[in-house]
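J.: what follows is a protein structure lacking sequence information:
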DNA sequence: GTGAAAGCGCTAACAG
DNA sequence: CTGTTAGCGCTTTCAC
């Protein structure tokens, strides 16, 4: 079965130590010896036993990612892209990724204890932070390296390394965009209140309205699940109770797509009778009909940089402890246009 | 930092061996001793070092999943759901999941060698098999446990454990459905030819046509990427070169959504002027506009069962070596209807 | 019931 | 340049 250093040692006549050093590329090995050893190792198809290396070196060479299990259904594309970025960077730095899906709550914390406490990973990446997030409390107490996709809620301290998109500015931008098209009655579809970033998006909306000289109306707000269905139902509700609305801002693309579906189902022409805009720029946004006006968030890049930061922290590079807020880019597509009354 | 067995031993006065046995639940430990040890361990917040357990027991307690990196963008929702199922089962059986994204090719094979050859995982799950798949050849040669989501291409032997949906029957069903609505000119949007399941879907189409007494026309076929863009461009092409088509079958939902977008963009009423149907039943299908007629594939369940099979194989349960073909369920929604000419 | 000792496969002082 | 030795933290015979 598995080829061990011992096997190469037996075959070449050198000691296990020399084999190890030759393979690891240490300088103090005779060039010919090294060549011979490398060749033999290659012939035997030697692959170092990762577990043994990890035990010996006291590092797992792995990072953990615990995904809220509802996220798969809610926002699979987002996590998939984030994971893509993370794994690209991890692969380059020879790190593995340990994945766990768990429901927020006790199950989730058990997963963290197993991965973190059990030394299976050297650091973890957190996503979709919640208000008063117990995971952050745990990792902070453990002093275990971690980085976060997104900040803490507005009124909580974000005293950890993170990368976030300035969603406050993004929503502000969307309000300004709609206002410049002529919209005066703009509804907002928000994520659930316990999601940390919900507060930022609401603030951005209020600031946007203020900047445009528009009044804030609480009846123009509706909360919904982070998915198409959430946007669909929220839009249904807003459109029937507030028919004067000419535009809807959804706090992410999936909700926006659900809202489009609701609007079309009511016979509205999206982009004319009703403008709808989102946030994320998932692949789905480009091919929806009409294509979705949105603010682009470089999800892949965020995943990549998060992984790079985390690996930096693991290696003890204190300069990796940074907090980054990215600006999104407004992508105007046909789902938003000048308001028209039928 | 980390609490070790040694620490508990020191504190309780028992030997490491006894601590280990008490924690592992062996019967030959005095009940009081055990209680005392368990309590102490709990107080100290003991978490066994997973790496050490793995090295000692020669099992990684982990399964590997190597995701073609293009899949994240192409079909994030699908992989996300599959991953969800896999991780649910794995978590229950106390297995970790090691994820790697790699481009098909040399990079991908290196990832396999590292994970499999390096003993980091006890088994792997393969998805989106290709014709003449080198990963299967490698795993087979290594005699390493693996299970596959999907079969080999029609003309290749599928002599490995797998779970697949009968996509041949699914496409046949879709043809029958469209035929029963009155469609006679039905186009087909296919995945790239190197994807293993493409052959099955084409066969299903041909069989469906034959059963309906319709002629097969090669001009009604178009290949495209496994994504919205692929469906979009394929539909564009079919609709402009074969305007007599009244229905399009897309081989997955994303392509179908792209096709809907293309049709709407040409001013066609989907479900009336042109019927479009897909396959998968991703969350997006339900909320597209119009909602998509499709064949439902229990992706989460497939992930779950794949993980269960693999863990069975790892544990040496030969009865886990099974080959399962599931039947999809036709979900009729508004994107398909009787053909109408404008 | 409990403890001593061996060893999983590897790396890293330390000698020579 | 190369080999000897000592573990990483855990489990598991094997004695007592």
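T.: Perfect, thanks for sending it. The model shown is predicted, which means the values in this text are computed figures rather than measured ones. Numbering: from 1, shown residues only, chains lettered A, B, ... in the order given.
J.: which bits of chain A sit near DNA strand C?
T.: Contact residues (C-beta under 7 Å from any atom of the strand) of chain A with DNA strand C: A:2, A:4-6, A:16-17, A:20-21, A:23-24, A:48-49, A:52-53, A:55-57. Placement of C-beta: from N, CA and C, glycine included.
J.: centroid residue for chain A?
T.: Nearest to the mean C-alpha position of chain A, by C-alpha atoms, centre = their mean, lies residue A:82 at 4.6 Å.
J.: ok, that one - contacts?
T.: Residues in contact with residue A:82, defined by C-beta atoms under 8 Å, 6 or more residues apart in numbering or on different chains, are A:127, A:149, A:299, A:300, A:302, A:303, A:306.
J.: which of the helices or strands spans it?
T.: helix A:70-92 (DSSP states H and E).
J.: list the pairing partners of the next helix-or-strand element following that helix within its sheet, with orientation.
T.: Remark: after helix A:70-92, the chain's next helix or strand is strand A:96-102, criterion DSSP H and E. Strand pairing for strand A:96-102, determined by DSSP bridges: strand A:62-68 (parallel), strand B:96-102 (antiparallel).
J.: the closest residue to DNA strand C within the stretch 201-342 of chain A: how many residues sit nearby?
T.: Nearest residue of the stretch 201-342 of chain A to DNA strand C (C-beta to the nearest atom of the strand) works out as residue A:315 at 13.7 Å. By other C-beta atoms under 10 Å in any protein chain shown, the residues close to residue A:315 number 13.
J.: that one: what's it in contact with?
T.: The contact partners of residue A:315, by C-beta under 8 Å, 6+ apart, come to none.
J.: for it, give its distance to DNA strand D.
T.: 19 Å (C-beta to the nearest atom of the strand, to the nearest Å).
J.: go on, residue A:7?
T.: 15 Å.
J.: same deal with residue A:148?
T.: Residue A:148 is 28 Å from DNA strand D, where distance means C-beta to the nearest atom of the strand.
J.: that residue is in contact with residue A:159, isn't it?
T.: No: counting by C-beta atoms under 8 Å, residue A:159 is not a contact partner of residue A:148; they are 10.7 Å apart.
J.: of those two, who's got more company?
T.: Using other C-beta under 10 Å, the more surrounded residue of residue A:148 and residue A:159 is residue A:148, with 27 against 10.
J.: do a quick rundown of the strands in chain A.
T.: Using DSSP state E, the strands of chain A run over residues A:62-68, A:96-102, A:123-127, A:146-149, A:162-165, A:186-190, A:221-223, A:247-250, A:275-277, A:294-296, A:323-326, A:329-331.
J.: partners of the last one, with directions?
T.: With DSSP bridges as the criterion, the sheet partners recorded for strand A:329-331 are strand A:294-296 (antiparallel).
J.: need the residues that contact the partner strand.
T.: Under C-beta under 8 Å, 6+ apart, the answer for strand A:294-296 is A:170, A:173-174, A:253, A:256, A:277-281, A:285, A:328-331, A:333.
J.: neighbours around residue A:314, how many?
T.: What residue A:314 shows, counting by other C-beta under 10 Å, is a neighbour count of 21.
J.: before we move on, back to that, what subset of the residues of chain A next to DNA strand C is buried?
T.: Among the residues of chain A next to DNA strand C, those buried by neighbour count (16 or more other C-beta atoms under 10 Å in any protein chain shown) are A:4, A:5, A:20, A:21, A:23, A:48, A:49, A:52, A:55.
J.: that older thread, in CSV: the strands of chain A, plus mean pLDDT.
T.: Conversion of these to CSV gives the following (pLDDT from 0 to 100):
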stretch, mean pLDDT
strand A:62-68, 90
strand A:96-102, 90
strand A:123-127, 94
strand A:146-149, 96
strand A:162-165, 97
strand A:186-190, 98
strand A:221-223, 98
strand A:247-250, 98
strand A:275-277, 98
strand A:294-296, 98
strand A:323-326, 98
strand A:329-331, 98
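J.: looking at these, spot the one closest to residue B:62.
T.: Taking C-beta to C-beta, strand A:96-102 is the member of those nearest to residue B:62, at 7.6 Å.
J.: what bridges to the residue nearest to residue A:268 when sequence neighbours are not counted?
T.: Leaving out its chain neighbours, the residue that sits closest to residue A:268 by C-beta to C-beta, 6 or more residues apart in numbering or on different chains is residue A:274, at 4.7 Å. In this entry, residue A:274 is beta-bridged to residue A:270, by DSSP bridges.
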